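**Student:** Kindly return the folded structure for what I paste below:
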Amino acid sequence: MSNSSTIWLPDAKRTQSAGASIVESLYGIPVTIWLTGTLGAGKTTLLQGLGTALNIPERLTSPTYALEQRYHTEHFGELLHIDLYRLTPHEAEDLVQSSHQHHGIRCIEWADRLPESWGEEGIILALNERPDAKGRDLTVTFRDMPLPTRKQVLAWREEFCLSHLIGRHCDAVADTAVRLGEALMQHTHSIIRLDALQAAGWVHDLMRFVDFHRGTSHVEREINPEHANVWENVKARYPGLHHEAAVAQFLAGQGFAGLAEIVRVHGLTLADSTRITIEQRLLYYADKRVKMDDVVSLDERLLDFTERYSRTGKLTESDAWYDEARRTEHDLFPDGPPF
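**Tutor:** This next block holds a predicted model:
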C-alpha cells in the first residue's frame, strides 16, 4: 500500500476540518509538515484547522512578510509556521535549515520553493484545485513513521511460530481497518494513515500466544511442543505483559515506535481515553469486528467471544469491551458502520 492518499475537500470548512484531523494522527515531535499548492489553494486554511485542534487561541495567518510566526500549543510544544513564498530557492533553503533544530511542529508553506531534496522526512500536504472548480484535492504523504514491510512481518510470524489461524485473523483485521479508514476519510474528510493501519493490523496479535488460555480449542489444535517452547522463551522476554504491551515493546525495539503506539492500546478492556489517535481507535474497532477472519457485527463477535471463553473465566471482560466497542462505533460512524 502506498503511504499517500487523496481526499476531496469541497470547501473551506472541509479544508479546515482536514487540517484539524492531523492532530489525531501525530505520533511524536519534532515533526515537519510540508505544504504545497497554488496561490489560494487553501494552505493557510488547512493550517488554521490544525491550529484550532491544537488549542492555539490566535488565528493562524500567512507569515508572508514576517517569514515566520510562532504559536504555543498545549501538548506538542511550539508550532513554527514558515512561509517561503517571497524567497528564492537558495533563501528558502537557508531559512528552513536554520530551523532544523525546532522541537515542536514545523509547518512550511510553499515548500516547493525548496530544491528537490525537500520533504525527505515529515508529512507532505499537497493541495491542488480541481479543473471543474469544485473544491480541491489534498494528497497526503507520510514520511515521518517507519513501517515494516510485509516480508518483515511474515518473517516475524515464522520466528514466533505464530498460529496460522491468528495470522489469518491479523490479515483480516488489517484489511477491515483499511476499509473502515477509507470510508471515514470519504465521509469526514479526515487524514488517516492507511498504510500504518494496515501494518498495525498485520502485527497486532503477533504475540497473541502470551495470553493463551486452556479451553480455547481453536488455538489448542495448532499447539505442538516446538511452538510451545518458542512461546515460553518469548514470554520470558516480556514477563508480566499482555500480548498488546509485549508486541508494542518488540516493535519499539525494532525501530517502529509509532506503530508500537497504535498496537499498544488495542486491548479488550482498556478505556477509550487510552486511544488518542484515529489509527488507535480504528484498529481497536476493526479487531472487535473480525471473528477469526470473517467480518461480523459486534453482537456476533460478542457471541463468539462468549462461546470460546466460557471455560476460561474471562467472560467478565465481555461487557467491558462490548460497551467500549459500541461507543467507539457510534463515535466513528454515528450514522452506522459502512459494513
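**Student:** for the protein, what spans make up the strands?
**Tutor:** Assigned by DSSP state E, the strands in the chain fall at 4-9, 31-36, 68-72, 78-83, 105-109, 122-129, 136-143, 290-291, 294-295.
**Student:** most packed of those?
**Tutor:** strand 105-109 (a mean of 26; mean count of other C-beta atoms under 10 Å). (Glycine included, C-beta is placed from N, CA and C.)
**Student:** just so I know, which of the strands of the chain lies nearest Thr306?
**Tutor:** Closest approach to Thr306 among the strands of the chain is made by strand 290-291 (11.9 Å; C-beta to C-beta).
**Student:** what's in contact with that closest one?
**Tutor:** Residues outside strand 290-291 that contact it (C-beta atoms under 8 Å, 6 or more residues apart in numbering) are His169, Ala172, Val173, Thr176, Val296, Glu300, Arg301, Asp304.
**Student:** Does the fifth one touch Phe305 like I think?
**Tutor:** No. When contacts are counted by C-beta atoms under 8 Å, Val296 is not listed as touching Phe305 (10.9 Å).
**Student:** Looking at those two now, which is surrounded by more residues?
**Tutor:** Applying other C-beta atoms under 10 Å to Val296 and Phe305 shows that Phe305 carries more neighbours, namely 19 against 15.
**Student:** Local confidence estimate at that one?
**Tutor:** Looking at Phe305, its pLDDT stands at 79.
**Student:** how much space between it and Asp287?
**Tutor:** To Asp287, Phe305 is 12 Å away according to C-beta to C-beta, to the nearest Å.
**Student:** biggest helix in the protein by residues?
**Tutor:** Longest helix in the chain, counting residues (DSSP state H): helix 164-188.
**Student:** mind listing what's buried in that helix?
**Tutor:** Neighbour counts over helix 164-188 (16 or more other C-beta atoms under 10 Å) mark 166-167, 169-181, 184-185, 188 as buried.
**Student:** Domains in the protein, by residue range?
**Tutor:** 4-143, 150-332 (automatic domain parsing).
**Student:** measure the last one end to end?
**Tutor:** The straight-line separation of the ends of domain 150-332 (C-alpha to C-alpha, to the nearest Å) is 28 Å.
**Student:** List the contacts of Gly104.
**Tutor:** Neighbouring residues of Gly104 by C-beta under 8 Å, 6+ apart: Ile29, Pro30, Thr73, Phe76, Gly77, Glu78, Leu79, Leu80.
**Student:** mind running it again at 6 Å?
**Tutor:** Ile29, Phe76, Gly77, Glu78, Leu79 (C-beta atoms under 6 Å, 6 or more residues apart in numbering).
**Student:** could those go into CSV alongside distance to Pro148?
**Tutor:** CSV is the format used below for the contacts of Gly104 (distance: C-beta to C-beta, whole Å):
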residue, distance to Pro148
Ile29, 23
Phe76, 26
Gly77, 28
Glu78, 32
Leu79, 31
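**Student:** Please identify which of the residues you listed is nearest to Arg208.
**Tutor:** Distance to Arg208, by C-beta to C-beta, is smallest for Ile29 among the contacts of Gly104, at 32.1 Å.
**Student:** burial count for that closest one?
**Tutor:** Using other C-beta under 10 Å, Ile29 has 18 other residues around it.
**Student:** thought it was touching His75?
**Tutor:** No. Ile29 is not in contact with His75 according to C-beta atoms under 6 Å; the separation is 9.2 Å.
**Student:** re the thing from before, tell me the helices and strands packed up against the longest helix of the chain.
**Tutor:** helix 194-203, helix 278-288, strand 290-291 (3 or more C-beta pairs under 6 Å, 6 or more residues apart in numbering; DSSP states H and E).
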